[in-house]
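Student: Take a look and give me a structure for this.
(one chain, ligands or ions: 2)
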Amino acid sequence: MTGEIKAQLQSHREVMELVESRLAERLEAAVELVATALSEGNKLLVMGNGGSAGDAQHLAAEIVGRFKLERRGLPAIALTTDTSILTAIGNDYGFEQVFRRQVEALAAPGDVVVGISTSGNSPNVLAALSLAREMGCRTVGFLGRDGGTIGPMVDLDLTVPSQDTPRIQEGHITMIHILCDLVERRMFGDLATNS
Ligand SMILES: O=C(CO)[C@@H](O)[C@H](O)[C@H](O)[C@H](O)COP(=O)(O)O
Ligand SMILES: [Zn+2]
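Tutor: Ligands and ions are numbered 1, 2, ... in the order given. This next block holds a predicted model:
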């Protein structure tokens, strides 16, 4: 079993290498996009299913609370947390609408709407991002595999090139932590524009 554990850690390292070589510049673009939007008074809406729902909440918590710096709270909402809203929309309109309806209710032009999907194909995430675009929001996808149906329709995709859902999720949470760190330092700390 130790061999299997070592093999999984090795595959984690390989995915991290791919994140570094293929996604560092895109992640920098995401930092600029999010920092600019928040600086201009817009907010972040974040969603995903299963483990990615946890990642959505994690991202919103770092933004509303803090990452490492003492600073004012910034606006971010995870669309995965209110069981009354989720069950009402799911029950009355279908599970595909659970995020779209919240985007309709909460998003404003200029907001950044973030969808997290390891397959890139979750219909409820796709429907919400689609409406967000129509409403004049910026859209970001933390995706996996080949980016799926969501990849081509978001403004910025961060697609972890792996077929393995947990490894993709590990790529996502690593990028989410780097994003939170750099957005915070870009807005309140030691990172000037374009540094
Ligand atoms: O965390 C895991 C697997 O590691 C699961 O809960 C996983 O997130 C769920 O199967 C999701 O429904 C997958 O959806 P998606 O990432 O393809 O959009
Ligand atoms: Zn998982």
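Student: Up against ligand 1, what does this protein have?
Tutor: Within the chain, the positions lying close to ligand 1 (Cβ under 6 Å from any ligand atom) are Asn49, Gly50, Gly51, Ser52, Ser117, Thr118, Ser119, Ser122, Thr165, Pro166, Gln169. To be clear about C-beta, it is placed using only N, CA and C from the backbone, and glycine gets the same treatment.
Student: So how do I select the buried members of those residues in PyMOL?
Tutor: A single PyMOL command selects the buried members of the residues of the chain next to ligand 1 (16 or more other Cβ atoms under 10 Å):
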select buried, resi 49+51+52+117+118+119+122+169
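Student: Out of the residues of the chain next to ligand 1, which is nearest to Lys43?
Tutor: For the residues of the chain next to ligand 1, the minimum distance to Lys43 (Cβ to Cβ) is 19.5 Å, reached by Ser52.
Student: for this protein, what spans make up the helices?
Tutor: Counting by DSSP state H, the chain has helices at residues 2-39, 51-64, 83-93, 100-106, 123-134, 165-188.
Student: Low-confidence ranges, the chain, go.
Tutor: 192-195 (pLDDT under 70).
Student: which pair in the residues of the chain next to ligand 1 spans the largest distance?
Tutor: Ser122 and Pro166 (16.4 Å).
Student: Distance check, the nearest residue to Ala35 once chain neighbours are set aside against ligand 1.
Tutor: The shortest distance from Ala35 to any non-neighbouring residue, by Cβ to Cβ, 6 or more residues apart in numbering, is to Arg186 (4.3 Å). Arg186 sits 28 Å away from ligand 1, going by Cβ to the nearest ligand atom, to the nearest Å.
Student: Ok, Thr159 next?
Tutor: Counting by Cβ to the nearest ligand atom, the gap from Thr159 to ligand 1 is 12 Å.
Student: and that residue, how many residues sit next to it?
Tutor: The number of residues packed near Thr159 is 23, by other Cβ atoms under 10 Å.
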